[in-house]
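Participant: Here's a sequence, model it:
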Amino acid sequence: MQAGISLDRDSAAQAALVVHLLDAAGDFVAALETTMQNDDPHGPHQARVALRRMRSLLAAYGPILDAGFVRGLEEEARQLFRHLGRIRDADVILAATDAEPERSRRLAEAREVRRTVRKHLARGKAGGFAGRLEKRLGKKGWKAPGKSARRLRKAPLAILAAHALDRAAREIQPDMALDRMDNRQLHDLRKEVKVNRYLTETFGPVLQREGWDASLEALKELQDRMGQLSDMALAQRQDDTTVRAALIAASQQLLDRVNATGLWWRD
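Facilitator: Presented below is the predicted three-dimensional model:
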């Protein structure tokens, strides 16, 4: 959270929006700097996490945001995400390759992908992302018109946060059978799990209702297990059925745990 700024459940939604978006943008720029300076896979991964979190926040704060502002910011974030995804994919495939000379070839490919993506990001001035956003938030163009939006911007953050968490929770229901899902369905579900995680990370410490930390812990573990499934699919390791079955079973248990925590943000 921005230094010197403290939020609670009664903070105005408008003030919280600015803090949360600039926090995400700052995290992105910090991770981008790492990505541009060295080959640590952590850099592009964390940059993509920050962009995902920002897009989740745009949806959560959608009722008070101008549609054109959202579209523009979404598109910029989406393009950055795609470019960084090329590095992430190359790293995953490299990590899954052990035998030579295939590993040497994959290493050379990963280095070339990094070179190309870094060049594009530098040319597109990606490092100025947070600064550009701060300038836009300093103007009025980001605000949705209408009395309802104006009231909600001034209303306590708890109201908007609860509605956002309600919408996200509906996408990860307890009756989902993961062992019946194909790779695409699992991938799509993992995206919804991420949204729930990012909103819980953002609003949990502010709302301070019992159960938010238990829900966050389960969501993090669920995302990790499903991430391993996604990496297996990307690296074309579907033949390892024993490992895949174990990950599916663990993911199902974690999904059940998430749903067992209930709607912690509600009375």
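
Participant: what's the neighbour count on the closest residue in space to Asn259 that isn't next to it in sequence?
Facilitator: Closest residue to Asn259 apart from its sequence neighbours, by C-beta to C-beta, 6 or more residues apart in numbering: Pro174 at 4.0 Å. Just so you know, the C-beta spots here come from the backbone N, C-alpha and C atoms, and that holds for glycine as well. Pro174 is flanked by 10 other residues according to other C-beta atoms under 10 Å.

Participant: Can you tell me the SS state at Pro174?
Facilitator: Applying DSSP: H, G, I helix; E, B strand; the rest coil to Pro174 yields a three-state assignment of coil.

Participant: is it true that Ala13 touches Leu160?
Facilitator: Yes - counting by C-beta atoms under 8 Å, Leu160 is a contact partner of Ala13 at 4.7 Å.

Participant: Please tell me how far the residue nearest to Asn259 sits from Lys125.
Facilitator: Using C-beta to C-beta, to the nearest Å, Pro174 is found at 45 Å from Lys125.

Participant: try Leu186
Facilitator: The spacing between Leu186 and Lys125, counted by C-beta to C-beta, is 36 Å.

Participant: And the strands in the stretch 1-150 of the chain?
Facilitator: Here the stretch 1-150 of the chain has no strands by DSSP state E, counting those that start in this stretch.

Participant: Below-threshold pLDDT in it: ranges please.
Facilitator: 1-5 (pLDDT under 70).

Participant: ok so, going back, give me the common contacts of Ala13 and Leu160.
Facilitator: Listed as contacting both Ala13 and Leu160 by C-beta atoms under 8 Å, 6 or more residues apart in numbering are Tyr61, Ile64, Leu152.

Participant: now, which of those residues sits nearest Leu80?
Facilitator: Using C-beta to C-beta, Tyr61 comes nearest to Leu80 of the shared contacts of Ala13 and Leu160, at 19.6 Å.

Participant: Just list the residues touching that closest one, thanks.
Facilitator: Ala13, Leu17, His20, Leu21, Leu160, Ala164.

Participant: Could you save those residues as TSV and add columns showing neighbour count and distance to Pro101?
Facilitator: Below are these laid out as TSV (neighbours: other C-beta atoms under 10 Å; distance: C-beta to C-beta, whole Å):
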residue	neighbour count	distance to Pro101
Ala13	22	56
Leu17	22	52
His20	23	47
Leu21	23	46
Leu160	23	55
Ala164	22	50
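
Participant: ok, the residues you listed vs Glu112, which is closest?
Facilitator: Set against Glu112, the nearest of the contacts of Tyr61 by C-beta to C-beta is Leu21 (33.8 Å).

Participant: how close does the closest one sit to Arg48?
Facilitator: Taking C-beta to C-beta, one finds Leu21 at 17 Å from Arg48.

Participant: which ones are touching Arg53?
Facilitator: Residues near Arg53 by C-beta under 8 Å, 6+ apart: Ala24, Asp27, Tyr198, Glu201, Thr202.

Participant: Surely the third one and Arg52 touch.
Facilitator: Yes - using C-beta under 8 Å, Tyr198 is in contact with Arg52, at 6.6 Å.

Participant: okay, the two: which has more neighbours?
Facilitator: Tyr198 (23 against 19).

Participant: any idea which helix or strand carries the more buried one?
Facilitator: Following DSSP states H and E, one finds Tyr198 within helix 183-207.

Participant: Name the residues that touch that helix?
Facilitator: So helix 183-207 is contacted by 7-9, 11, 16, 20, 52-53, 56-57, 59-60, 157-158, 161, 164-165, 168-169, 171-172, 176, 178, 181, 212-213, 215-216, 219-220, 222-223, 226-227, 229-230, 233, 258, 264-265 (C-beta under 8 Å, 6+ apart).

Participant: Just the CA atoms of the very next helix or strand once past it, as PDB, please.
Facilitator: Remark: after helix 183-207, the chain's next helix or strand is helix 212-234, criterion DSSP H and E. The C-alpha trace of helix 212-234 is given here as PDB (Å, rounded to 0.1, in the frame of the first residue of the first chain):
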ATOM      1  CA  TRP A 212     -10.400 -14.000   5.200                       C
ATOM      2  CA  ASP A 213      -6.800 -15.200   5.900                       C
ATOM      3  CA  ALA A 214      -7.900 -18.900   5.900                       C
ATOM      4  CA  SER A 215      -9.600 -18.300   2.600                       C
ATOM      5  CA  LEU A 216      -6.500 -16.600   1.200                       C
ATOM      6  CA  GLU A 217      -4.300 -19.500   2.300                       C
ATOM      7  CA  ALA A 218      -6.500 -22.000   0.600                       C
ATOM      8  CA  LEU A 219      -6.700 -19.900  -2.600                       C
ATOM      9  CA  LYS A 220      -2.900 -19.600  -2.800                       C
ATOM     10  CA  GLU A 221      -2.400 -23.300  -2.400                       C
ATOM     11  CA  LEU A 222      -5.100 -24.000  -5.000                       C
ATOM     12  CA  GLN A 223      -3.600 -21.600  -7.500                       C
ATOM     13  CA  ASP A 224      -0.200 -23.300  -7.000                       C
ATOM     14  CA  ARG A 225      -1.500 -26.800  -7.600                       C
ATOM     15  CA  MET A 226      -3.500 -25.700 -10.700                       C
ATOM     16  CA  GLY A 227      -0.400 -23.800 -11.900                       C
ATOM     17  CA  GLN A 228       1.500 -27.100 -11.900                       C
ATOM     18  CA  LEU A 229      -1.200 -28.700 -14.000                       C
ATOM     19  CA  SER A 230      -1.000 -25.800 -16.500                       C
ATOM     20  CA  ASP A 231       2.800 -26.100 -16.700                       C
ATOM     21  CA  MET A 232       2.500 -29.800 -17.300                       C
ATOM     22  CA  ALA A 233       0.100 -29.100 -20.200                       C
ATOM     23  CA  LEU A 234       2.400 -26.400 -21.600                       C
END
